[in-house]
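Colleague: have a look at this prediction, sequence included:
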Amino acid sequence: MKKALIFSTGVLLALAARPVLAEDRLIEGFEAAGACASDILKICAGVLPGEGRIKDCVLEKKADLSANCAAALGKALTVALPDDAVNLEMKHYTHMRAVQYTEFFLIGGNPIAGDLRANVYNTIGLNGYTPANKNTSPTPEVAAVDINAVKKEFGVLAVHINGPKLWMPDEIEVPTGKQRVFGKLKARWVGNLSLKGINLTKPGADAYHTTTIERKTKIVYKKGQTEFLIDDPEGNTWIMKGMDLGLHPVQSYADAANLGSKLKLPPGYKFRTAVLPEDLITLPTSGVAAIMPDDLNNVYDKTGPGYSNYKP
């Protein structure tokens, strides 16, 4: 009879200064067990099994894993995301400035290699929204979402709730895919986010780190509006797309102009405001947008050639 080593491993991630929960996953069989048995004995010598201690040791020292073990674990743990970019329907929304929204990230991929991606679902236009209430994700309903239940339902590595936030642009035209329900909140697929290269083990570590999202969304900031910008040391200008509220808001739209005194900007970064001389339209020609969070979890889109009609 073949003998198989069964052990538990998993991921515990943090994204955009908020905890992301992940499920322990059982790996069994000769491929993973045989490739990793000696690694575990070597790098986790003296670690008492139980209560996730071996799991934590393996993840902490994943850089010390042999190539065969890392490959076997990565293959065993790689989780595919739902194919929700189907039957895409173009939606056009106006008067979106300061409208509250929330995004849900379903996270999959290879946690050992750090090659993670997320399906992004947005509440835009849903959940009883009207131009009068300016709210597509009531805060109590966001707070009531059971992340563990969502994670289990979709069988993903992790789930992240991004928001509630306030939209900063005026108009949004977005191709939307399948609609899902998170707790009592409806949200539609709007893009696929790359998490590769982001330090997910330390809250806030990804502030001012650039990543990409596959999307074909047209976002319009109207002429005459005051916009909130960050210039980076490479000469790029980033425009704020979403102001973070969270479940316990410490920011408001009225405070946006004063962010320069609150942000912990790295050397060479500058926050400023500007009144637009004409409509600014962001629509990446490649279908891949570049995004960047600040240390208060506000999110910005890159502007300039290939990303917008001009750089403010």
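Modeller: Structure received. Source: prediction; values computed, not measured.

Colleague: how about the strands in the stretch 151-300 of the chain?
Modeller: Per DSSP state E, counting those that start in this stretch, the stretch 151-300 of the chain carries strands over the ranges 158-167, 171-176, 179-182, 185-194, 211-214, 218-221, 226-231, 237-244, 270-275, 280-282, 288-293, 299-302.

Colleague: so which of the ones you listed gets nearest D83?
Modeller: strand 185-194 (9.4 Å; CB to CB). C-beta: built from backbone N, CA, C; applies to glycine.

Colleague: host element of the most centrally placed residue in the chain?
Modeller: Among the residues of the chain, the one closest to the centroid is F105, at 5.9 Å (CA atoms, centre = their mean). Per DSSP states H and E: F105 is located in strand 100-110.

Colleague: relative orientation of that strand and strand 185-194 in degrees?
Modeller: 50 degrees (axes from the mean of the first three to the mean of the last three CA atoms, to 10 degrees).

Colleague: which strands or helices does strand 100-110 pack on?
Modeller: When contacts are defined as 3 or more CB pairs under 8 Å, 6 or more residues apart in numbering; DSSP states H and E, strand 100-110 packs onto strand 18-22, strand 115-122, helix 147-154, strand 158-167, strand 185-194.

Colleague: the residue nearest to the centre of the chain contacts G163, doesn't it?
Modeller: No. Using CB atoms under 8 Å, F105 is not in contact with G163, being 10.6 Å away.

Colleague: residues in contact with the residue nearest to the centre of the chain?
Modeller: Taking CB atoms under 8 Å, 6 or more residues apart in numbering, we find F105 in contact with 15, 20, 118-121, 158-162, 193.

Colleague: how about these in a markdown table, adding neighbour count and pLDDT?
Modeller: Output for the contacts of F105, formatted as a markdown table (neighbours: other CB atoms under 10 Å; pLDDT from 0 to 100):
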| residue | neighbour count | pLDDT |
| --- | --- | --- |
| L15 | 25 | 30 |
| V20 | 22 | 31 |
| A118 | 27 | 91 |
| N119 | 24 | 94 |
| V120 | 22 | 94 |
| Y121 | 27 | 97 |
| A158 | 28 | 85 |
| V159 | 25 | 89 |
| H160 | 23 | 88 |
| I161 | 24 | 91 |
| N162 | 24 | 89 |
| L193 | 24 | 85 |
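
Colleague: Y269: which of those residues is nearest?
Modeller: Set against Y269, the nearest of the contacts of F105 by CB to CB is L15 (21.0 Å).

Colleague: quick one, what contacts V145?
Modeller: Residues in contact with V145 (CB under 8 Å, 6+ apart) are 104, 161, 182-183, 185.

Colleague: what is the nearest of those residues to L283?
Modeller: For those, the residue nearest L283 by CB to CB is F104; the value is 23.8 Å.

Colleague: enumerate every residue touching that closest one.
Modeller: With CB under 8 Å, 6+ apart, F104 has these contacts: 120-121, 145, 150, 159-162, 180, 182, 185, 187.

Colleague: same thing but at 7 Å, please
Modeller: The contact partners of F104, taken as CB atoms under 7 Å, 6 or more residues apart in numbering, are 121, 159, 161, 182, 187.

Colleague: closest to I230 among those residues?
Modeller: Nearest to I230, judged by CB to CB, of the contacts of F104 is I161 at 24.1 Å.

Colleague: tell me how far that closest one lies from T237.
Modeller: Separation of I161 from T237 (CB to CB, to the nearest Å) stands at 29 Å.

Colleague: follow-up on the earlier one: tell me the two of the contacts of F104 that are most distant?
Modeller: It's V159 and A187 that sit farthest apart of these, by CB to CB, at 12.1 Å.

Colleague: and the end-to-end length of stretch 246-261?
Modeller: The first residue of stretch 246-261 is 20 Å away from its last residue (CA to CA, to the nearest Å).

Colleague: report the rounded mean pLDDT for it.
Modeller: Computed over stretch 246-261, the mean pLDDT rounds to 87.

Colleague: can you give me how far that stretch is from the chain middle?
Modeller: Distance of stretch 246-261 from its chain centroid, counting by CA atoms, centre = their mean, to the nearest Å, is 20 Å.

Colleague: for it, buried residues please.
Modeller: 246, 251, 256, 259 (16 or more other CB atoms under 10 Å).

Colleague: let's have these in CSV, adding distance to M168.
Modeller: Listed next are these as CSV, based on distance: CB to CB, whole Å:
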residue, distance to M168
G246, 16
Q251, 12
A256, 8
L259, 12
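
Colleague: out of these, who's nearest G50?
Modeller: G246 (35.2 Å).
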